[in-house]
Every structure is written in C-alpha cells, then in structure tokens.
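1. I would like the atomic coordinates for the input below:
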Amino acid sequence: MLSRVVVCFFGMLKNLVEYFTYLPQKRRYWLSYGGIGLFLLVTALYFQHVREELPCVVCIQVRLWISLLVLLALTGWLVRTSQWVNAVNLAVFLTAVGLVERSYLLLGTERGFIFADCGFDLGLPTWFAIEETLPWLYRVETSCGYTPELLFGITMAESLMALSIMFSVISFAAVLLGFKRMLTQD
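-> From the prediction side, this is the model:
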C-alpha cells in the first residue's frame, strides 16, 4: 500500500515537473499573466475613480510593476515558441520579485510593522515622467496608510502579497525547469 502511494506521488511529481517545464510555451500561461495584470489595474482604477480611494506612492509603484508584468506577458505570448521565451520568463520572475517587495512594503505600512517615509515623489528619472503622461493611472494622490477592503475582510495589500508570491513561485519554477531543459538539450 505504501509503495503505491510513493509511486503515485512520484508520478504526480514527474507530471508537475513536465507541466512547469513547458508552461512558458503555452498561450494560456501568458494570457493568464496578462489577464490577471489587466484585471488588477482595472480594479485599482475602479477603487480610485469610482470609490475615491486615492493611490499612494507605493500603490503607484505596484501599478508600475503590474504594468511591466502585462507588457512582459504580451512579449512572452509573442515569443513563446522561440528560444527567447526563457529570457522573458526570467524577466517575469524578476518583476514578480519586485512586486513582492512593493506589496510587502504596502502591507507592512498598512499593518504598522514597517514605518516608511511615504511622500508624493515616485522616484522616477525625469526622462520617464509617466505620472505626467498618464496621470489618471500613475499620479500619486495621497500618503501611505491603509488599502481598501476587497472581499471578506481581505485588503488590497493582502491580496497583492498573495498574488505576487504566487507569481514568483510559478515563474521561478518555470524559469528553473526551462533553463534546465535548455542545458540538457545541448
């Protein structure tokens, strides 16, 4: 009985490894990242413009990371059958790590275990003044404090933290196994 469980476990593990190895070559992988990213941006805009929950500097930085994730998802979708897919997926992983860091800062500020100096300056170079180009999406309008509740008592910061960790884990597994496959094919 125990041997069947072990064989079943290793069979499932082998299938999971194979799934993550070829995941970046699938349309739904990139469409999922792009779709979730767009959904997050639309949700943020709904809270900002309809519910009048004004964004802070960290919120806007999170939006920038999510916007980059959407652009990378589009790029990954376009190059998914080429050798560049692993490089784009590595960029997705690094973006997800940046999103984890900003989400953690947002959650820590909300919960009070991080005391950050949260002003109105995004800290971007003058040549990338996106807050002037797209103020309806990227303009800082308040100082940091709390994030609005989404559903069932879960705040925006908590959900961002969970999603960004999920993005990091999935993209890391796909990057690791994708590069392993590349190295063993040569």
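2. Just the strands from the chain, written as ranges.
-> Taking DSSP state E as the test, the strands found in the chain are 149-151, 154-155.
3. can you give me the mean pLDDT across stretch 87-106?
-> The average pLDDT within stretch 87-106 is 91.
4. now residue 151: how far from residue 158?
-> Noted for residue 151: a distance of 11 Å to residue 158, by CB to CB, to the nearest Å. Backbone N, C-alpha and C define where each C-beta goes, glycine included.
5. More neighbours: which of these two?
-> residue 158 (18 against 6; other CB atoms under 10 Å).
6. Go ahead and confirm the more buried one touches residue 107.
-> Yes - using CB atoms under 8 Å, residue 158 is in contact with residue 107, at 6.4 Å.
7. How about residue 77: what's its closest non-neighbour residue?
-> Excluding its sequence neighbours, the residue lying closest to residue 77 (CB to CB, 6 or more residues apart in numbering) is residue 30, at 3.8 Å.
8. Thought residue 71 was touching that neighbour, still the case?
-> No - judged on CB under 8 Å, residue 30 makes no contact with residue 71 at a distance of 11.3 Å.
9. and these two? which has more neighbours close in?
-> Just comparing residue 30 and residue 71: by other CB under 10 Å the higher neighbour count belongs to residue 30, 25 against 14.
10. Mean confidence (pLDDT) on the lengthiest helix in the chain, please.
-> Counting by DSSP state H, the longest helix found in the chain is helix 156-185. In this model, helix 156-185 carries a mean pLDDT of 83.
11. For residue 155, which residues are in contact?
-> 110, 146, 147, 148, 149 (CB atoms under 8 Å, 6 or more residues apart in numbering).
12. do residue 178 as well
-> 21, 24, 85, 86, 89.
13. Could I get the residues you listed in CSV, plus columns for neighbour count and distance to residue 174?
-> Putting those into CSV (neighbours: other CB atoms under 10 Å; distance: CB to CB, whole Å) gives the following:
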residue, neighbour count, distance to residue 174
21, 16, 8
24, 22, 5
85, 23, 9
86, 20, 9
89, 28, 6
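14. can you put these in CSV and add distance to residue 135?
-> Converted to CSV, these look like this (distance: CB to CB, whole Å):
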residue, distance to residue 135
21, 43
24, 35
85, 35
86, 36
89, 32
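15. and of those, the nearest to residue 95?
-> The nearest member of the contacts of residue 178 to residue 95, counting by CB to CB, is residue 89 at 10.4 Å.
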